[in-house]
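Participant: Need the 3D shape of this:
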Amino acid sequence: MKTYALTCLVKSESSARQLCSLIEKVEPTPMGVGFYELDERNSIWEIEAYFKEKPKIGIIALLEGLYETNFNLSALEKVDWVSKVQRNLTPISIDNIYIHGEHHKDILALNKKNIEIQAAMAFGTGHHVTTTSCIYLYLSLLKNKKKFTNVADIGCGTGILSMVAFKTCKAINTAIDNDLFAIETTRSNFSINKLSNRNIIIKSNELRNSRIYTRGKFDLIFANILFLPLKNMVKNVSKHLRPGGFIILSGMSNKQAILIEKIYLGHTFKRVKILKEGSWTSLALMYCGKYKRK
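Facilitator: This is a model prediction of the structure:
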């Protein structure tokens, strides 16, 4: 049985977002749609969509005209991508954290905090630099004697960052994502790693679900997502962080991080640590709240 991949290039993030939104509504309905920045210097974004049935040529032509792009449609032989990815993912060791797949249970590190990840169809196996940067920043806060008991993970993906927080300091976690595959994957991973039922998963676009308010003020928020939501959610984040609490931001290019930091500084945050890896930047910021920034 074949599946079909539809790909194209556009010249801005806003165009990529708009086009993805339109592709999600075409018939037959795609199994998944996504985009990422292919060339930061020239602001080129690639869109990928996958279908069980061949999409209609007329719709593709219409979208090409609207966004001045050319789609490439290719047929793919059916592959069990989840099993394939799980077999090929190598374990990750970061300080006292050991992240592994099901196929590496036989080489667990007994002196480390072991976390088993099933990638399924969600992001966040720990292999992408934005995820590892979040973990490094988090561990640096622990080394500076910071303690976290109430943690939120916005865009949780597989729940990896929530599980790191639980395994290292028994934090109560609120994992948040707007994608049902991510929600189900995180729920499965929480079960596999024996997180208590006080750790919950909420389907929400950023922090907009009213259930999140019942979790109280957070002392740490992870947000490994995209530039625009990071930019737009700063006021909402301020409502959910206690003064003196921290947020770890990732998913930004080096250029985007300059603007993001400026925005958050304007809302009484101050930088604690910055980590750059290639073209990606991650930030650890403290929320000063009603306190004056030094």
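
Participant: what ranges do the helices span in the stretch 1-150 of the chain?
Facilitator: In the stretch 1-150 of the chain, the helices defined using DSSP state H, counting those that start in this stretch lie at 13-23, 57-67, 81-88, 129-143.

Participant: okay if I get those as JSON lines plus mean neighbour count?
Facilitator: For the C-beta atoms, the positions are set from N, CA and C on the backbone; glycine is no exception. Converted to JSON lines, these look like this (neighbours: other Cβ atoms under 10 Å):
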{"stretch": "helix 13-23", "mean neighbour count": "17"}
{"stretch": "helix 57-67", "mean neighbour count": "13"}
{"stretch": "helix 81-88", "mean neighbour count": "12"}
{"stretch": "helix 129-143", "mean neighbour count": "20"}
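
Participant: lowest-confidence stretch among the ones you listed?
Facilitator: Mean pLDDT per stretch puts helix 81-88 lowest among the helices of the stretch 1-150 of the chain, at a mean of 48.

Participant: could the helices of the stretch 1-150 of the chain be laid out in CSV, adding distance to Ser196?
Facilitator: Output for the helices of the stretch 1-150 of the chain, formatted as CSV (distance: least, Cβ to Cβ, whole Å):
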stretch, distance to Ser196
helix 13-23, 36
helix 57-67, 47
helix 81-88, 26
helix 129-143, 20
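
Participant: Out of the ones you listed, the one nearest Ile99 is which?
Facilitator: When these are compared by Cβ to Cβ, helix 129-143 sits nearest Ile99, at 8.6 Å.

Participant: Check which element follows the top strand by length along the chain along the chain.
Facilitator: When the chain is scanned for its longest strand (criterion: DSSP state E), the result is strand 241-253. The helix or strand immediately downstream of strand 241-253 is helix 254-265, counting by DSSP states H and E.

Participant: now the angle from the next helix or strand after that following helix to helix 129-143?
Facilitator: Using DSSP H and E, the helix or strand that follows helix 254-265 towards the C-terminus is strand 269-277. Relative orientation of strand 269-277 versus helix 129-143 (axes from the mean of the first three to the mean of the last three Cα atoms, to 10 degrees): 130 degrees.

Participant: Neighbouring strands of strand 269-277 in the sheet, and parallel or not?
Facilitator: With DSSP bridges as the test, strand 269-277 is paired with strand 280-287 (antiparallel).

Participant: How far off centre is the strand it pairs with?
Facilitator: Mean-position distance between strand 280-287 and its chain equals 15 Å (Cα atoms, centre = their mean, to the nearest Å).

Participant: contact partners of it?
Facilitator: For strand 280-287, the external contacting residues (Cβ atoms under 8 Å, 6 or more residues apart in numbering) are 129-130, 133-134, 137-138, 140-141, 224, 237-238, 241-254, 256-257, 260-261, 264, 268-276.

Participant: For Asn224, give me the backbone phi and psi.
Facilitator: Backbone torsions of Asn224, given as degrees, to the nearest 10, read phi -100, psi 80.

Participant: so what's it bridging to?
Facilitator: Ser250.

Participant: which residues touch it?
Facilitator: 124, 130-131, 134, 154-155, 157, 161, 248-251, 282.

Participant: Swap in 10 Å and give it another go.
Facilitator: Going by Cβ atoms under 10 Å, 6 or more residues apart in numbering, Asn224 touches 123-124, 128, 130-131, 133-135, 153-157, 160-161, 230, 248-252, 282.

Participant: Lys56 now?
Facilitator: Residues in contact with Lys56 (Cβ under 10 Å, 6+ apart) are 26-28, 62.

Participant: Redo those residues as a markdown table? Include distance to Glu48.
Facilitator: Shown next, in a markdown table, are the contacts of Lys56 (distance: Cβ to Cβ, whole Å):
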| residue | distance to Glu48 |
| --- | --- |
| Val26 | 14 |
| Glu27 | 19 |
| Pro28 | 16 |
| Leu62 | 19 |
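
Participant: and the residues you listed, which two are the farthest apart?
Facilitator: Pro28 and Leu62 (15.8 Å).

Participant: Look at the residue lying closest to Cys288 once chain neighbours are set aside and say how many residues are nearby.
Facilitator: Leaving out its chain neighbours, the residue that sits closest to Cys288 by Cβ to Cβ, 6 or more residues apart in numbering is Thr268, at 4.4 Å. Thr268 has 16 neighbours, counted by other Cβ atoms under 10 Å.
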